[in-house]
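1. heads up, no residue letters with this:
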């Protein structure tokens with residue numbers, strides 16, 4: 001059943017149309033991964049589907065009563081005394097006519113805020129970008145739309161938050177969705193179809209991102225062949241029309257008209273957007289030792305971010321840092337670079353270091369300066385790994401045309417600012433490269449080119465990223481935050497870390513233990529356990545089932561039409577009980593897994 005149909009859509013800003021008689025049909029139950037180069041109009045189309053804009057021409061037909069909810073790249077939350085009040089205003093929950101629907105939506109909002117680890121009483125004005133994004137996602141899920149529109153949902157989220165969204169989408173919490181994202185792992189897990197906005201057209205590919213890549217490579221190869229055949233034929237006709245007097249006397253007027261048509265078609269043909277040209281100069285080799293941390297600890301506001309860490313970084317190491325938002329990744333990098341002193345312990349820095357730092361907040365960019373001033377202040381030339389280049393030519397390597405060279409940084413989009421920061425970063429030699437969330441707002445083509453460049457980089461790399469595929473393709477070591485200031489080093493990238501890490505003390509964010517592994521199956525009890533442990537292991541599945549039933553009953557009661565009439569004390573007690581149930585589930589599930597693993601070990605192990 002079609003939820004929405006786009007027919008012959010046209011939309012233009014600037015030189016080329018963003019939509020050029022584009023067509024698309026969205027069916028019930030589809031999860032569409034919406035991809036395309038930065039600036040091609042993806043966000044504009046999503047805004048139009050959400051009802052916040054109109055097409056220049058064409059038509060959008062929606063199913064009667066279709067409920068569409070969108071979450072923007074940078075969600076705006078109304079000022080209020082609490083996050084809950086702000087979201088209620090944003091979602092229009094108070095305007096819902098059916099009292100039962102209103103209170104059920106409010107109960108779901110509390111549930112999702114809790115699952116995303118948010119305090120509903122906190123004022124939205126104090127929330128970080130990641131917290132605002134999670135709050136907007138919680139509201140969107142609570143409203144149970146028929147069609148959910150997500151614009152770069154993974155930006156500003158840590159890996160636990162990203163996998164929570166993936167699980168909610170996969171397990172049917174949302175019926176249908178259109179998702180703009182550059183996260184290839186996310187697309188592989190979630191998407192049932194890929195739609196690419198390419199030169200004004202919407203091209204559809206069944207399956208996930210991996211399936212799209214295979215089909216796209218074949219399509220581009222065929223397109224290139226067709227273009228070569230066209231250009232060869234066109235060139236032959238141009239030669240013919242320029243022949244001498246004899247040819248002109250015998251000229252076929254139909255052939256002349258055909259050539260005129262060929263000229264028009266060639267002039268209107270839109271080539272694919274060029275790729276960023278990246279080259280990174282590692283400069284002079286640093287000393288063999290880059291940094292050595294001995295028994296280093298650091299805390300802020302009584303929260304331990306680093307506890308008794310021993311770490312040695314050598315020239316050529318490629319280290320990825322993994323951890324939840326607020327775990328201390330940026331703090332650890334500053335200590336490694338000597339920009340921040342530890343509370344205790346010793347930091348020894350290496351010699352001959354030339355450091356380039358990519359800041360996720362882009363604080364290095366002055367919004368009032370032009371692109372030229374940002375890249376090459378006081379000079380028209382840039383020294384690069386490929387030699388000396390004029391600043392205009394260098395900017396064009398990063399897809400900035402000459403007419404935009406004098407534009408202010410404040411006029412750039414998020415993706416363009418990322419490209420500008422990379423341009424500035426790569427304009428100087430560096431034997432220690434620090435990248436803090438470099439993939440935010442980059443399109444997939446630019447992201448893959450950055451991967452290729454980093455793979456051939458001979459210096460030392462420190463990378464903070466939530467992009468799992470990017471980590472796998474770039475780093476050879478992973479430094480993971482494991483809670484309470486503990487950090488541990490693993491060989492390989494994200495996937496290798498998943499395989500090597502110890503079982504977590506609690507389930508991944510947003511999952512109940514029952515979702516991760518069902519305890520209902522009978523458990524063989526083996527002699528590796530004491531009698532008391534065997535009995536405990538046999539009882540744990542029933543205890544977990546009882547907690548799950550209590551949780552479901554409590555949630556059903558909280559969703560009831562008259563639940564709001566309960567006293568504030570009862571409302572608070574119910575929320576606290578929900579939290580306690582989840583805590584008990586985590587403890588019992590962790591205990592169940594440990595006992596089960598011990599029971600499975602062979603005798604004498």
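-> The structure has been received and is ready for your questions. As the structure is a prediction and not an experimental result, all values here were calculated from the model.

2. what residue lies at the spatial centre of this structure?
-> Centrality entry for the chain: nearest residue to the mean C-alpha point is residue 154, 3.2 Å, by CA atoms, centre = their mean.

3. Mind telling me what element that residue is part of?
-> Taking DSSP states H and E as the definition, one finds residue 154 inside no helix or strand.

4. OK, contacts around it?
-> Applying CB atoms under 8 Å, 6 or more residues apart in numbering to residue 154 gives the contacts 162, 165, 181, 183, 186, 466, 467. C-beta here means a position set from N, CA and C on the backbone, and glycine is covered the same way.

5. Report how many residues lie close to the last one.
-> Number of residues near residue 467 (other CB atoms under 10 Å) recorded here: 27.

6. separation between the closest residue to it other than its chain neighbours and residue 449?
-> By the measure of CB to CB, 6 or more residues apart in numbering, the closest residue to residue 467 outside its immediate chain neighbours is residue 439, 4.5 Å from it. Note on residue 439: its distance to residue 449, by CB to CB, to the nearest Å, is 12 Å.

7. So for the two, which sits in the more crowded spot?
-> Higher neighbour count among residue 439 and residue 449: residue 439, with 24 against 15, using other CB under 10 Å.

8. re the thing from before, wait, the residue nearest to residue 467 touches residue 182, no?
-> Yes - the pair formed by residue 439 and residue 182 meets the contact definition of CB atoms under 8 Å, at 6.8 Å.

9. Find residues that contact each of these two.
-> Overlap between the neighbourhoods of residue 439 and residue 182 consists of 447, 467, taking contacts as CB under 8 Å, 6+ apart.

10. which residues does residue 560 contact?
-> Going by CB under 8 Å, 6+ apart, residue 560 touches residue 103.

11. need the helix or strand of this structure with the lowest average pLDDT.
-> Lowest on mean pLDDT, DSSP states H and E among the helices and strands of the chain sits helix 513-516, with a mean of 37.

12. which residues in the stretch 301-450 of the chain form helices?
-> Using DSSP state H, counting those that start in this stretch, the helices found in the stretch 301-450 of the chain span residues 329-336, 371-375, 391-397, 414-426, 444-455.

13. The stretch 451-600 of the chain now?
-> 468-474, 494-500, 513-516, 531-558, 568-600.

14. Quick one: those helices as JSON lines, columns for mean neighbour count and distance to residue 70 too.
-> Formatted as JSON lines, the entries for the helices of the stretch 451-600 of the chain read as follows, by neighbours: other CB atoms under 10 Å; distance: least, CB to CB, whole Å:
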{"stretch": "helix 468-474", "mean neighbour count": "23", "distance to residue 70": "25"}
{"stretch": "helix 494-500", "mean neighbour count": "16", "distance to residue 70": "29"}
{"stretch": "helix 513-516", "mean neighbour count": "16", "distance to residue 70": "27"}
{"stretch": "helix 531-558", "mean neighbour count": "15", "distance to residue 70": "26"}
{"stretch": "helix 568-600", "mean neighbour count": "15", "distance to residue 70": "28"}
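
15. mean pLDDT for these: which is lowest?
-> Of all the helices of the stretch 451-600 of the chain, the minimum mean pLDDT falls on helix 513-516 (a mean of 37).

16. Surely residue 61 is within a strand?
-> Yes - counting by DSSP: H, G, I helix; E, B strand; the rest coil, residue 61 is found in a strand.

17. ok, now which ones touch it?
-> Residue 61 makes contact with 4, 5, 7 under the criterion CB under 8 Å, 6+ apart.

18. Make TSV out of the residues you listed and add distance to residue 64, neighbour count and pLDDT.
-> Formatted as TSV, the contacts of residue 61 follow (distance: CB to CB, whole Å; neighbours: other CB atoms under 10 Å; pLDDT from 0 to 100):
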residue	distance to residue 64	neighbour count	pLDDT
4	12	20	95
5	13	15	96
7	17	14	95
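
19. quick check, nearest of these to residue 307?
-> Distances from residue 307 to those, taken as CB to CB, are shortest for residue 4 (51.6 Å).

20. list the buried ones in stretch 306-314?
-> Burial within stretch 306-314, assessed by neighbour count using 16 or more other CB atoms under 10 Å, is assigned to 306, 307, 309, 311, 313.

21. How about stretch 86-95?
-> The neighbour-count criterion (16+ other CB under 10 Å) identifies 86, 87, 88, 89, 90, 91, 93 as the buried residues of stretch 86-95.
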